[in-house]
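In: Please find the sequence and the predicted model below.
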Amino acid sequence: MAPAKSRSPRAPKPKSGAESDHAGPTDITDPLIRTEAKRAAVWLGMAALLVLTIYLAQPLLVIFGGMVFAAMIDGGARLLGRVLPIGRGWRVTIVLVLAVAFLAWVAMFAGTQITAEAAQLPGIIKTQAFKFADWLQLQGVKFETQSLSGLIDKAVGGVSQLTSAVGGVIGAFTTAFLIAVMAIYFALEPQLYRRGFAWLLPLGEREHFEGTATIMGKTLRRLLAGRLLGMGIEGVATWFLLAGYGVPMAGLLGLLTGLLAFLPNIGAPISGALMIMVGFSGGAEMGLYCAIVYVVVQVVDGNIIVPMVAKRTADLAPALVLGAQLIMGALFGLLGLMLADPLVAMIKVALERQSERNEEAG
């Protein structure tokens, strides 16, 4: 008799009916435990998202910077749309060409006149600071000369870095390039990215998100338009007023005043101190004139431009903005300092929208 052939083991057939619907090892049959497990998963997910946000804070800030500058480009395109009945793509292109032309002019201007002035500014600031310290000692103010010297050297070092950047040394080029590229993509097709983000949300949240995003965009455009208006007026007015009196480095001081005007609460005192120190290097009368120019420019900006902009955009408390600038500046440097104001404005809009939603639901 032939030996029986060995049969290979076969996989068991799937059971039909109720037997195939038995709970697996990862299923939780108890409704109470399942509900608590879902809650725990939500909290763990939020904690993981918070940790991930901390680790990715710098890239997220760069993305937000691209959104901020995209709003600036979008605002310019919308303004052109009021006078030029052409497509949005062409209007965005015109805005970008004008921006590149302006930057090229600034670079050429900085490469000739301002570069030479920027090299002289740290020495003038240091000399005037020591003169002021000597005057304080004559008035009976006591302090350690060595500590003061170290403090002045640090301050002059910061001024030197700032003027070097103005003179043509481009810092953080990669970050600026990424922000510029993302801003162009966001500005060309803003609805594409808004719809894509809304798609990630539940259906019941999309309408609320669309309304919030619309208000955020309008607020951001108006905020940046007012900021650019203030920068232009302060920079040009300072330049012409100082140049008309013969103050040295008028072009550099005007450019620094305009750039620092982008930083509310912080930029104005810095530019004013630089202006007055340079003025006193040419005598007491010139120093007093520079002080008067600073006061006049800030009064016009603070009493005309800022209130006019605040009525049409997010009216932010100065102390709140200053606190955000200090925190963002300490965490992320100059980029955080520049984006603190827009970030606070966006958070305020989101909180106001949520408050309105809660009132309607209640």
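Out: Okay, I see it.
In: Let's test this: name the helix or strand in this structure with the lowest mean pLDDT.
Out: None of the helices or strands of the chain scores lower by mean pLDDT, DSSP states H and E than helix 145-167, at a mean of 50.
In: Let's see the helix or strand following it as PDB, backbone CA atoms only.
Out: Counting by DSSP states H and E, the next helix or strand C-terminal to helix 145-167 is helix 173-188. C-alpha atoms of helix 173-188 as PDB (Å, rounded to 0.1, in the frame of the first residue of the first chain):
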ATOM      1  CA  PHE A 173      19.400  85.400   3.200                       C
ATOM      2  CA  THR A 174      18.000  81.900   3.000                       C
ATOM      3  CA  THR A 175      15.100  82.700   5.400                       C
ATOM      4  CA  ALA A 176      14.300  85.900   3.500                       C
ATOM      5  CA  PHE A 177      14.400  84.000   0.200                       C
ATOM      6  CA  LEU A 178      12.000  81.300   1.500                       C
ATOM      7  CA  ILE A 179       9.600  84.000   2.800                       C
ATOM      8  CA  ALA A 180       9.700  85.800  -0.500                       C
ATOM      9  CA  VAL A 181       9.000  82.600  -2.500                       C
ATOM     10  CA  MET A 182       6.200  81.500  -0.300                       C
ATOM     11  CA  ALA A 183       4.700  85.000  -0.400                       C
ATOM     12  CA  ILE A 184       4.600  84.900  -4.200                       C
ATOM     13  CA  TYR A 185       2.900  81.500  -4.200                       C
ATOM     14  CA  PHE A 186       0.400  82.600  -1.600                       C
ATOM     15  CA  ALA A 187      -0.400  85.800  -3.400                       C
ATOM     16  CA  LEU A 188      -0.900  84.300  -6.800                       C
END
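In: Give me the contacts around helix 173-188.
Out: For helix 173-188, the external contacting residues (CB atoms under 8 Å, 6 or more residues apart in numbering) are 62-63, 65-70, 72-74, 77, 89, 92, 96, 170, 193, 335. Bear in mind the C-beta positions are built from the backbone N, C-alpha and C, glycine included.
In: What of stretch 55-70?
Out: Contact with stretch 55-70 is made by 53, 175, 178-187, 190, 220, 224, 331-332, 335-336, 338-339, 342-343, as judged by CB under 8 Å, 6+ apart.
In: in that stretch, what counts as buried?
Out: 61, 62, 64, 65, 66, 67, 68, 69, 70 (16 or more other CB atoms under 10 Å).
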